[in-house]
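Asks: Model the structure of this input:
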Amino acid sequence: MIKIRGYVITYTPFDSKSRTHLNHVLFGRILYRKYKNKKYTYYVPGMLDNIPYIRLMNSKIFVRGLENINLEDLRSLGDLMTEECDRDISIESMKTGEEFWYCIAKEKGLNLNVRKKRTGKRT
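Replies: Residues are numbered from 1 along each chain as shown. Okay, the predicted model is just below:
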């Protein structure tokens with residue numbers, strides 16, 4: 001293993017609803033829909049869709065860069081700390097959000113479709 005320079009993002013959501021929303025915004029999620037008696041499964045991308053990360057522990061992740069992560073959106077859902085550091089992590093152990101959810105879908109035997117990210121806020 002070699003040392004990788006990156007950032008540790010530690011987040012503490014305000015409440016349980018914020019925790020769920022923050023995790024969906026960061027990592028994405030899987031949605032299940034039924035249409036004409038057929039079950040469809042969709043992957044909704046999050047901020048870490050194409051960014052390799054590794055979860056160090058609950059509410060703490062390691063990423064190599066912060067360029068594509070909107071920290072202001074995350075700060076509206078909870079307290080957020082970023083710290084630059086070097087970690088002994090292999091690059092192969094880091095996954096993107098898309099890879100993570102495709103592995104989960106494969107384990108469950110689901111056929112996963114990609115859904116475009118919703119841009120507007122629900123009212």
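
Asks: Endpoints of stretch 42-57, how far apart?
Replies: For stretch 42-57, the first-to-last residue distance is 27 Å (Cα to Cα, to the nearest Å).

Asks: now the lowest-mean-pLDDT helix or strand in the chain: how far from the chain's centre is it?
Replies: Using mean pLDDT, DSSP states H and E, strand 112-114 stands out as the lowest-scoring helix or strand of the chain, at a mean of 79. Strand 112-114 sits 16 Å away from the centroid of its parent chain (Cα atoms, centre = their mean, to the nearest Å).

Asks: Also stretch 64-83?
Replies: 12 Å.

Asks: which other residues reach it?
Replies: Applying Cβ atoms under 8 Å, 6 or more residues apart in numbering, the external contacts of stretch 64-83 come out as 4-14, 18-19, 21-22, 25-26, 47-48, 50-52, 63, 94. For the C-beta atoms, the positions are set from N, CA and C on the backbone; glycine is no exception.

Asks: that older thread, are there helices or strands packed against the least confident helix or strand of the chain, and which ones?
Replies: Packed against strand 112-114 by the contact rule (3 or more Cβ pairs under 8 Å, 6 or more residues apart in numbering; DSSP states H and E) you find strand 38-44, helix 97-108.
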